[in-house]
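**Q** Quick one, what's the 3D model for this:
(one chain, ligands or ions: 2)
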Amino acid sequence: MELEERAKTDEQTHGRSLSGVHRYYELAKRAEWQVRDLPWGDLPPVPEYKGSPQKLARRRDLWRSVVTQQLQADELAVEMSTQLFSIAPDREAKLYYTTMVQDEARHTEAWLKLIAEAGGMAERDPYLDRLARQVLDAGTLEEKVFLMQVFYERLIIPRFRMIARSSRGTVLEDLCNRLTIDDGIHHGAGMAYERVLLEGAGKKVKSQLVDAANRLLPLFAQHALWRPKAREFVGALMRETDIRMLKEDLEQGVRLANSLGLDVSDVVMPY
Ligand SMILES: [Fe+2]
Ligand SMILES: [Fe+2]
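**A** Residues are numbered from 1 along each chain as shown. Ligands and ions are numbered 1, 2, ... in the order given. Below is the predicted model of the structure:
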């Protein structure tokens, strides 16, 4: 950003209340944990099974695939939160984003260690890379905070709960429980900041945001319904669940947008 523009932004932001965002900075520092706190060596990395070698191999590939997608998501989250840190004009928001960058980096570190213990990387989700690209290339801070923190950080939480439920007594379960808390903070901070940003935003910024959401939704649906080869055998079974969760995510997104005073009646639902 040019210096002059930055000064203008500072002027615009002067007087707006960022105490809500600052509260999340304090909260995030208190909630910080370390990768060494996970039960490495005491619990298996991912669920273990009994059965034929084929069944064991198939299960192992399934969990490798689950861990790979989360590693991919957190690697992208480091990039996105770093960008938020560098472009946010407000001091309080910048302070807060230092903790979010640190959180996403720690999540990546944990997934990297877990994937090594679980047998190595699997196939990447091509749609997730494209979704992240859209957020990184979005034109305004308001769009980025909305897509990343208001929408994505919120919908990942039930995913972590689902993975934790199906991986009891593992390092994976422990990690998912920690991520539920961290991403709850990321979402809360994003809601608080987006409120402040939208208060000072004109009609144009808001309609740009709705357009950005519209562009993202078809890609988001492809991501939500994508199945890697390692999980194709559960795909048919899971398709209905995937569609149900996708619909819930979209409804949740509309509720969140409405609660921020955004008019999303023009948004075209992909499902
Ligand atoms: Fe994360
Ligand atoms: Fe996050």
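**Q** can we go C-alpha only for contacts and neighbour counts from here?
**A** Fine.
**Q** Quick check, pLDDT for the residue of the chain most remote from its centre.
**A** The centre of the chain is farthest from one residue, S52, which by CA atoms, centre = their mean lies 36.3 Å away. pLDDT, S52: 96.
**Q** Show the contacting residues for it.
**A** Contact criterion CA atoms under 8 Å, 6 or more residues apart in numbering gives no residues in contact with S52.
**Q** Relative to L62, how far out is it?
**A** 15 Å (CA to CA, to the nearest Å).
**Q** Return the distance of the helix or strand that contains R64 from the chain's centre.
**A** Applying DSSP states H and E as the criterion places R64 in helix 53-87. On the basis of CA atoms, centre = their mean, to the nearest Å, helix 53-87 sits 11 Å off its chain's mean C-alpha point.
**Q** ok, how many other residues are close to the closest residue to V35 other than its chain neighbours?
**A** Closest residue to V35 apart from its sequence neighbours, by CA to CA, 6 or more residues apart in numbering: A110 at 5.7 Å. A110 has 20 neighbours, counted by other CA atoms under 10 Å.
**Q** my read: A110 touches W33, true?
**A** No. Applying CA atoms under 8 Å as the test, A110 and W33 come out as separate, 11.1 Å apart.
**Q** For E142, the count of nearby residues, please.
**A** Residues lying near E142 (other CA under 10 Å) number 22.
**Q** what's it in contact with, if anything?
**A** By CA under 8 Å, 6+ apart, E142 lies in contact with 194, 197-198, 205, 209.
**Q** related to what we said a few turns ago, and the helix holding R64, what's buried?
**A** Across helix 53-87, burial judged by 16 or more other CA atoms under 10 Å covers 59-85.
**Q** cool, stretch 90-110 as well?
**A** For stretch 90-110, the neighbour count (16+ other CA under 10 Å) marks 90, 92-110 as buried.
**Q** can you list contacts of that stretch?
**A** In contact with stretch 90-110 (CA under 8 Å, 6+ apart) are residues 10, 13, 18-19, 21-22, 24-25, 28-29, 32, 34-35, 71, 74-75, 77-78, 81-82, 84-86, 88, 175, 179, 182, 186, 193.
**Q** Out of the residues you listed, which are close to ligand 1?
**A** D74 (CA under 5 Å from the ion).
**Q** separation between the nearest residue to V78 once chain neighbours are set aside and R130?
**A** Distance criterion CA to CA, 6+ apart; nearest residue to V78, sequence neighbours excluded, is E104 at 5.2 Å. Look at E104 and R130: by CA to CA, they are 19 Å apart.
**Q** Equivalent analysis for Q208, please.
**A** Remark: distance between Q208 and R130 (CA to CA) = 19 Å.
**Q** repeat for A118
**A** To R130, A118 is 26 Å away according to CA to CA.
**Q** So between the two, which is more surrounded?
**A** Between A118 and R130, counting by other CA under 10 Å, A118 is the more crowded of the two (20 against 15).
**Q** correct me, but the more buried one touches V46?
**A** Yes. Between A118 and V46 there is a contact at 6.7 Å, judged by CA under 8 Å.
**Q** which residues are common contacts for the two?
**A** Here A118 and V46 share the contacting residues W63, scored by CA under 8 Å, 6+ apart.
**Q** Helix, strand, or coil at the closest residue to ligand 1 within the stretch 101-250 of the chain?
**A** Relative to ligand 1, the nearest point of the stretch 101-250 of the chain is E104 (4.4 Å; CA to the ion). Recorded secondary structure, E104: helix (DSSP: H, G, I helix; E, B strand; the rest coil).
**Q** swap in the one 5 residues further on?
**A** Assigned with three-state DSSP, E109 falls in the helix class.
**Q** for the residue nearest in space to the middle of the chain, what are its contacts?
**A** For the chain, E153 is the residue whose C-alpha lies nearest the centre (CA atoms, centre = their mean; 3.8 Å). Contact analysis of E153 by CA under 8 Å, 6+ apart lists 183-184, 186-187.
**Q** for ligand 1, what are the nearby residues on the chain?
**A** Within the chain, the residues that sit near ligand 1 (CA under 5 Å from the ion) are 74, 104.
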